[in-house]
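> sequence-free structure coming up:
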């Protein structure tokens, strides 16, 4: 979490070239809240994967696309269509399939995945909507670098829990950590710049939520080809999760058609 936040904080100042309008210092609480929400979203996402199952966590994170339009009337002027509630019903059925488990998978993993994923979805929903609401006055080139600077500062609260660099080298995780942080930074830039420039958090999240489908497919592939374990979920269980991911994808399409 620390490395992701600082990686983003080091890259985002480049956006200052896009320009903007620096707001009074009394309004710095706005990017500070955005930074705190980003940190919370990362925390709950990592907990969902570390203490749960990624093939469950990824699709459940997709319900963020339904939480965004549901909360948008409280923050922005987006109208809420009745189709959103139909989509929500389809998504709930999908979540039910996603939670399918067999004897080899502990229920605690499913509960952790779903619980932390929903907390992450709520945190990132507020993150998206508040960027749409506040970034216009600042300009994406000023607002986003300041917000991610706050996220980096807030992440230092977790320094005491972090492994030392020597421990990371010993466990040979420096390379995957660097790759993961690069991907997370690219993701953050793509999402936040789009929201900062164009708003429309609902449609942005519609495209983004389809990662749930890829999460199930990639997990299934890696389990069968790269992991040698008797404790991996059965094909039947993974098929149910795939059905759930597809239903969540269908709910995404319904919500904006």
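Thanks, I have it. What you are looking at is a predicted structure, and each value in this text was computed from that prediction instead of being measured.

> below-threshold pLDDT in the stretch 101-250 of the chain: ranges please.
Across the stretch 101-250 of the chain, the ranges flagged by pLDDT under 70 are 101-106, 206, 209-213, 215, 224-233.

> can you give me the strands for it?
Counting by DSSP state E, counting those that start in this stretch, the stretch 101-250 of the chain forms no strands at all.

> show me where it has helices.
107-138, 140-155, 165-170, 174-198, 201-209, 211-225, 235-256 (DSSP state H, counting those that start in this stretch).

> among these, which is nearest residue 94?
Closest to residue 94 of the helices of the stretch 101-250 of the chain, according to C-beta to C-beta: helix 235-256, at 3.2 Å. All C-beta spots, glycine's among them, are computed from the backbone N, C-alpha and C.

> helix 201-209 and that closest one, what's the angle between them?
Taking axes from the mean of the first three to the mean of the last three C-alpha atoms, to 10 degrees, one finds helix 235-256 and helix 201-209 inclined to each other by 160 degrees.

> okay, buried residues for helix 235-256 please.
Neighbour-count burial for helix 235-256, counted by 16 or more other C-beta atoms under 10 Å, picks out 237-238, 240-249, 251-252, 254-256.

> helices or strands next to it in the packing?
If contacts are counted by 3 or more C-beta pairs under 8 Å, 6 or more residues apart in numbering; DSSP states H and E, helix 235-256 sits against helix 54-61, helix 64-75, helix 83-98, helix 201-209, helix 211-225.

> quick check: closest non-adjacent residue to residue 122.
If the residues on either side of it in the chain are set aside, residue 122 comes closest to residue 67, at 6.4 Å by C-beta to C-beta, 6 or more residues apart in numbering.

> okay, the helices and strands packed on helix 235-256 in a markdown table with mean neighbour count and distance to residue 165 next?
A markdown table is the format used below for the helices and strands packed on helix 235-256 (neighbours: other C-beta atoms under 10 Å; distance: least, C-beta to C-beta, whole Å):
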| stretch | mean neighbour count | distance to residue 165 |
| --- | --- | --- |
| helix 54-61 | 28 | 26 |
| helix 64-75 | 20 | 34 |
| helix 83-98 | 19 | 37 |
| helix 201-209 | 22 | 32 |
| helix 211-225 | 17 | 27 |
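
> quick one: those as a markdown table, columns for distance to residue 32 too.
Shown next, in a markdown table, are the helices and strands packed on helix 235-256 (distance: least, C-beta to C-beta, whole Å):
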| stretch | distance to residue 32 |
| --- | --- |
| helix 54-61 | 25 |
| helix 64-75 | 17 |
| helix 83-98 | 31 |
| helix 201-209 | 20 |
| helix 211-225 | 28 |
